[in-house]
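Participant: Output the structure for:
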Amino acid sequence: MAADPVVLYRAWLIDNGHATEAALAEIEEQVTAAIDDAVEFALNSPQPDASELYTDVFGDESAAMLNGVSR
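Facilitator: Next comes the predicted model:
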């Protein structure tokens with residue numbers, strides 16, 4: 001964990017006065033709640049139809065063609 005960039009950046013933010021431990025803890029709580037809500041939504045949503053398999057996978061048709069994939 002000593003080389004974990006998240007841990008190092010968190011320490012840097014606190015050490016350099018850019019954030020407090022309390023502020024970062026509040027952010028973590030908000031992010032955890034948002035993730036929990038998203039997971040609950042996904043688990044309670046119906047499975048998408050197989051026809052949606054490639055929907056929103058590529059930015060545009062040319063990207064799909066460059067990768068040799070066609071719908």
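
Participant: Surely residue 19 touches residue 13?
Facilitator: Yes - shown here, residue 19 and residue 13 form a contact pair, counting by CB atoms under 8 Å, at 4.2 Å. The C-beta positions use only the backbone N, C-alpha and C, and glycine is treated the same way.

Participant: what about residue 24, neighbour count?
Facilitator: 14 (other CB atoms under 10 Å).

Participant: and what of residue 39?
Facilitator: Neighbours of residue 39 using other CB under 10 Å come to 10.

Participant: Does anything pack onto the host helix or strand of it? Which helices or strands?
Facilitator: Per DSSP states H and E: residue 39 is located in helix 21-44. On a contact count with 3 or more CB pairs under 8 Å, 6 or more residues apart in numbering; DSSP states H and E, helix 21-44 meets helix 5-15.

Participant: Measure how the helix it packs on sits relative to helix 21-44, angle-wise.
Facilitator: 140 degrees (axes from the mean of the first three to the mean of the last three CA atoms, to 10 degrees).
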